[in-house]
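Asker: Structure, please.
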Amino acid sequence: MGYVSYTFEDGFERPVEDLMWRVIMLVLSGGWHRMWEERARREIIERIEEGGLENILAGVPQEEVEIFRHDLKILKIFST
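Answerer: So this is what the prediction gives:
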């Protein structure tokens, strides 16, 4: 996971790409490393708090926004 994360560390220009990448990494981690998972969750939440979820997802088709919000809810990152 570390290598993959490092490879794409500066690879995304748009906040939505960065946020979605971080969520993908969290899912792929499978909860194997508790400390990494906690840090990943914290980073996702910080990104959402900094940019506002609506602003980050601006320009994303509504159907995809709804799916992504549902994913965040399943991961217990976002409640509504």
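
Asker: The spatially most central residue of the chain: which element?
Answerer: Within the chain, the residue whose C-alpha comes closest to the C-alpha centroid is Val23; the distance, by Cα atoms, centre = their mean, is 3.1 Å. In this assignment (DSSP states H and E), Val23 forms part of helix 15-29.

Asker: quick one on the thing from earlier: list the residues that contact the residue nearest to the centre of the chain.
Answerer: Val23 makes contact with Ile44, Phe68, Asp71, Leu72, Leu75, Ile77, according to Cβ atoms under 8 Å, 6 or more residues apart in numbering. For every residue, glycine as well, the C-beta is placed using N, CA and C.

Asker: Count the neighbours of the closest residue to Gly59 other than its chain neighbours for me.
Answerer: Counting by Cβ to Cβ, 6 or more residues apart in numbering, the nearest residue to Gly59 once its immediate chain neighbours are dropped is Val16, at 7.5 Å. Residues within reach of Val16, counting by other Cβ atoms under 10 Å, total 21.

Asker: so what's Val16 up against?
Answerer: Ile56, Leu57, Gly59, Val60.

Asker: Give me the distance between the first one and Arg69.
Answerer: As judged by Cβ to Cβ, to the nearest Å, Ile56 and Arg69 stand 11 Å apart.

Asker: Between these two, point out the one with more neighbours.
Answerer: Neighbour count, other Cβ under 10 Å: between Ile56 and Arg69, Ile56 has more, with 21 against 16.

Asker: What confidence value was assigned to the residue nearest to the more buried one when sequence neighbours are not counted?
Answerer: Nearest in space to Ile56, with sequence neighbours left out and distances taken as Cβ to Cβ, 6+ apart, is Pro15 at 4.8 Å. According to the predicted model, the pLDDT of Pro15 comes to 91.

Asker: quick revisit: now the two most distant members of the contacts of Val16.
Answerer: Greatest spatial distance in the contacts of Val16: Ile56 and Gly59, 9.6 Å, computed using Cβ to Cβ.

Asker: Would you confirm that Ala69 contacts Phe78?
Answerer: Heads up, residue 69 is Arg, not Ala. Yes - distance between Arg69 and Phe78: 6.4 Å, which falls inside the contact criterion (Cβ atoms under 8 Å).
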